[in-house]
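[1] My questions are about this predicted structure, shown below with the sequence.
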Number of protein chains: 2
Amino acid sequence: MVRQVTIGDVAKEAGVSIATVSRVLNGQSTVNQAMVDDVRAAAGRLGYRPNAAARGLASGAYRVIGVVVPDLRNPYFTDILESIVAQSKGDGYRVLVSDSGGDVKEELDACRRLRTSVDGLILVSPRMPGDDLRALSADGFPMVLINRQEPSIALPMALADTRSATLELCRHLSGLGHSRVVYMAGSALSWQNRERLRGIHDAREFGFEAAVVEGEPTIEAGYRAASAALDFEPTAIMAYNDLAALGVIARLREIGFKVPNDISVTGFDDIEMARYVRPTLTTAVSLKTQLGEHAWNALRQVLRGQPPIAASLIPSPVVVRESTGPALREATPIS
Amino acid sequence: MVRQVTIGDVAKEAGVSIATVSRVLNGQSTVNQAMVDDVRAAAGRLGYRPNAAARGLASGAYRVIGVVVPDLRNPYFTDILESIVAQSKGDGYRVLVSDSGGDVKEELDACRRLRTSVDGLILVSPRMPGDDLRALSADGFPMVLINRQEPSIALPMALADTRSATLELCRHLSGLGHSRVVYMAGSALSWQNRERLRGIHDAREFGFEAAVVEGEPTIEAGYRAASAALDFEPTAIMAYNDLAALGVIARLREIGFKVPNDISVTGFDDIEMARYVRPTLTTAVSLKTQLGEHAWNALRQVLRGQPPIAASLIPSPVVVRESTGPALREATPIS
DNA sequence: CTGAAAGCGCTTACAG
DNA sequence: CTGAAAGCGCTTACAG
C-alpha cells in the first residue's frame, strides 16, 4: 500500500490539532477563519484525501450504498443504475454494484456481503424468495426495493406500473384484431413477470387471451423461444421485454415471417434501441430514470432518519410503433 | 445505524479472545479444531458479518477495487465491467463503479475519490489528459488501464488492437470497391479514436482514404451525424462503434438509403445487438471479456506485490456481415 | 496455540 | 473556539 497522507500530517503541517482539521474538512462552522485557511492550505499542499473507511468506521456512515441488479448487460438495469449513481452522487454517496447473474442464491449472498460495507441497499428487481427478503430486512437495515412487492414486507419501493401497461398492450393488440396471442414470459421468479401475467389476465374483461411460453429477459432467449411460440400459430407475440422482442424478431425474419405483416410483436421497457431498430418496437415505456430517482430519494430519507417515503407506482405508458399491425390471418381461438 | 454484531460479541459467545475469532474467520490454521468449531458456531448463531471498513482499516486492504467507465449505458463498457466484476469476485474483491459521463474533469475527480476507499483502480478508456493520468499514477497507487496508452506512463494495461482491426476494416471496404468513404469519429480524447485514425492512415498503403466527420460513441450521435457524412456522398461509412453505426443506419433508412445496397456501414466492438439487427453489422470483434480479465489479472498481480504483467494487445478480428457490400455507385475520389 | 495490546485513520463527546 | 482522548471494529506483531 502507498503510504497515505493522514489527518495527522495535515494537522502537523497546519500547526493545529487533528480535531480541528476534521472540523474544517467537514465544514463545521465553529472554527475561526484563520485556522480554516491554514488547514485548507495545508491539506492542499499535502494532497490530503480523507480515508473513507476510517471516516466510515468512526462516524458510522460510509456514504456508500449498494445496488444489486440481476444483469448488468441488460440496458434496462443499466439505465436504472445510471440514474441511481447520478442521483446519489449529488448527495455525496458512491455506489457499490453487484450483478447477481439472476441467481437467487448469489443475489442473497451479494446483499449480505454488501451490507457490511454500505449504509443502505437498493435491490433492483430482486428474485429471491419472499422469506429471504424478509430476513434481510428484519433488522431494519436501510433497504429499498425496485420492482418488487412482497406481502408483509413494508420496505420503501419504486414500482413500474407493469400490470396496467400490460393491460394496455393487450388492449392495443385486441383492437388490432389479434386473438391468437402468445406471451413469451420472463423469469418466473420475477415480480414483473407476475405483474405482466396479471395484466394479461385482466384483459379477459374484453375477451383477450394469450398462451404462455417460457422465456428469459435476453435477446438470445427471445431468439430461442421463437419456435415454441410459433407452435401456437399466433398472430401476435408479446415478449417479456424489448431484448427478448428483438431476439424474437430476428428469428422470425430468419424463418421468413414479416413483422408486423405476418406477426405482430410487442416488447416492454423502451430501451433506447427500441426506437432505432427496424421495425421500431411497440412497447411500454418504463421510466427508468424516475424509478432510480424515487428509489434513491426513498433510501436517502431512511438514511437521514426521516419518515419513509410512500411506495411509488410509476406509470408505463404504451408507445405504438412499427412492430404491431392488424391481424391479417384467419383467427381461430387457441385450444 | 443498526447495531451490528461485532467480533467481540462472537468472542464472548464462543468464550475465546477476539484475536482467536479473527484468526478463525480468516482461515488461519494455527487454531485448534475445537475452538474453530466453537467460533464458527457462535458466529453462525449470531449471524456475524465482519465489518469491511474496520477490516480494511486494520489490514490496509479493502478488497474493493474501483472501476471508472465513460458511460454505463454503452454495452461495450458494461460487458467489460461485467467481466471485471466476475473475475474479481472470484478473488474476493468487490467493485465500486463510477460513470464519468465522458467528462474528463469528472473522470479525474472520480479517480481521486475512489482512491480513498479502494485497493486499486481500473480505468476503462479514460479520456483525461496524459498529465492527469501521470499525476494520478505518480505515487504508485495500483492502477491498470484499459484501452489507453500514454507515452512515459508505464502502467499495466489491456489494449484492444484497434489499429490493426481498423486497417482490416479498410481493407475489406477497399476490396469491395469503396473509394468514397467517411469515417465518423468518436471522441477526440479517446485513445481508441486515435488508433482508428492511425489504422485508416495505415490503409493508404493500398490507396484507401476516408474523409472524417465528428461524432460520439452513441446511437443518438450516429443518427445525428449521418447528414454530415452524407455531404461527402460516400459509398461507405465507417462508424466509430456499433452504437453509432446503428444510429447511422436508422437515419439512412429514414432518408431512403438502403444498407448495404446504397451505402455500406461498418461498426466496431461487436456488441450483442450487432448480430440481431437488420442488416446485421459488419464490425470488429472487441474481446470485452478478455480485456476485463487481463485488466483484473494485471491489477491482482500488483495488489499481491508481484511483478507486473506485460501489457496485452488483444486482437479484434473483423466479422463481415450484412451491412457491407460492393460499391455500386460511380466512384469519384473525395476532394 | 492463545491472548492482551497497539494501531489503522478518522469522528465526536467532553473539558476547558 | 480548540485540543486531548476515547472509541469505531477489526488485524497483527508481540509475549508467553
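    Thanks, I have it.

[2] helix or strand for residue A:295, which one?
    Using DSSP states H and E, residue A:295 falls within helix A:288-303.

[3] same question, residue A:200
    Assigned by DSSP H and E, residue A:200 belongs to helix A:191-202.

[4] which bits of the stretch 151-300 of chain A sit near chain B?
    A:219-220, A:223, A:246-247, A:250, A:253, A:272-273, A:275-278 (CB under 8 Å from any CB of the partner chain). Yep, even glycine has a C-beta here, placed from its N, CA and C like the rest.

[5] Mind checking which of those are in helices?
    If you go by DSSP state H, those have A:219-220, A:223, A:246-247, A:250, A:253 in helices.

[6] roughly how far apart are residue A:254 and DNA strand D?
    Taking CB to the nearest atom of the strand, to the nearest Å as the measure, residue A:254 falls 55 Å from DNA strand D.

[7] Run a quick neighbour tally on that residue.
    Around residue A:254 sit 10 other residues, with neighbours defined as other CB atoms under 10 Å in any protein chain shown.

[8] now the helices: where do they sit in chain A?
    Per DSSP H, chain A carries helices over the ranges A:7-14, A:18-25, A:33-46, A:52-59, A:75-90, A:104-115, A:130-137, A:162-175, A:191-202, A:219-230, A:242-255, A:288-303.

[9] Residue B:188 is nearest to which of those?
    Of all those, helix A:75-90 sits nearest to residue B:188, with 23.8 Å by CB to CB.

[10] ok, back up a step: buried sites along the helix holding residue A:295?
    The neighbour-count check on helix A:288-303 (16 or more other CB atoms under 10 Å in any protein chain shown) flags A:288, A:290-303 as buried.

[11] now do stretch A:318-325
    By neighbour count on 16+ other CB under 10 Å, the buried set for stretch A:318-325 is A:318, A:320-321, A:323-325.

[12] Residue A:79 reaches residue A:289, doesn't it?
    Yes. Here residue A:79 reaches residue A:289: they are 7.0 Å apart, a contact under CB atoms under 8 Å.

[13] the inter-axis angle of the helix holding residue A:295 versus helix A:75-90?
    Inter-element angle recorded for helix A:288-303 and helix A:75-90: 40 degrees (by axes from the mean of the first three to the mean of the last three CA atoms, to 10 degrees).

[14] can you tell if helix A:288-303 touches DNA strand C?
    No. Judged by CB under 7 Å from any atom of the strand, helix A:288-303 stays clear of DNA strand C, getting no closer than 13.4 Å.

[15] The residue nearest to residue A:176 when sequence neighbours are not counted: how many residues sit nearby?
    In space, and not counting its chain neighbours, residue A:176 is closest to residue A:326: 4.9 Å by CB to CB, 6 or more residues apart in numbering or on different chains. By the criterion of other CB under 10 Å, residue A:326 has 12 neighbours.

[16] State the distance from residue A:258 to DNA strand D.
    Distance from residue A:258 to DNA strand D, by CB to the nearest atom of the strand: 62 Å.

[17] burial count for the closest residue to that residue other than its chain neighbours?
    Excluding its sequence neighbours, the residue lying closest to residue A:258 (CB to CB, 6+ apart) is residue A:252, at 8.0 Å. Applying other CB under 10 Å, we find 21 residues neighbouring residue A:252.

[18] show me where pLDDT drops low in chain A?
    A:1-2, A:29, A:329-335 (pLDDT under 70).

[19] so residue A:191 makes contact with residue A:153?
    No. Using CB under 8 Å, residue A:191 is not in contact with residue A:153, being 11.5 Å away.

[20] out of those two, which sits in the busier spot?
    Of the pair residue A:191 and residue A:153, residue A:191 is the one with more neighbours under other CB under 10 Å, namely 20 against 17.

[21] Could you report the separation of residue A:97 from residue B:69?
    Note on residue A:97: its distance to residue B:69, by CB to CB, to the nearest Å, is 11 Å.

[22] Now for those two: what residues contact both?
    Common contacts of residue A:97 and residue B:69, defined by CB atoms under 8 Å, 6 or more residues apart in numbering or on different chains, comprise residue B:97.

[23] I'd like the distance between residue A:148 and DNA strand D.
    Distance from residue A:148 to DNA strand D, by CB to the nearest atom of the strand: 29 Å.

[24] Angles on the backbone of that residue, please.
    According to degrees, to the nearest 10, the main-chain angles of residue A:148 amount to phi -160, psi 130.

[25] Please report how far the nearest residue to it once chain neighbours are set aside lies from DNA strand D.
    Once flanking residues are discounted, residue A:148 sits nearest to residue A:191: 4.6 Å by CB to CB, 6+ apart. Distance, residue A:191 to DNA strand D, by CB to the nearest atom of the strand: 33 Å.

[26] again with residue A:215
    In this view, residue A:215 and DNA strand D are 43 Å apart by CB to the nearest atom of the strand.

[27] before we move on, what about residue A:62?
    Taking CB to the nearest atom of the strand, one finds residue A:62 at 12 Å from DNA strand D.

[28] Isn't residue A:22 up against residue A:7?
    Yes. Here residue A:22 lies in contact with residue A:7, judged by CB under 8 Å, at a distance of 6.3 Å.
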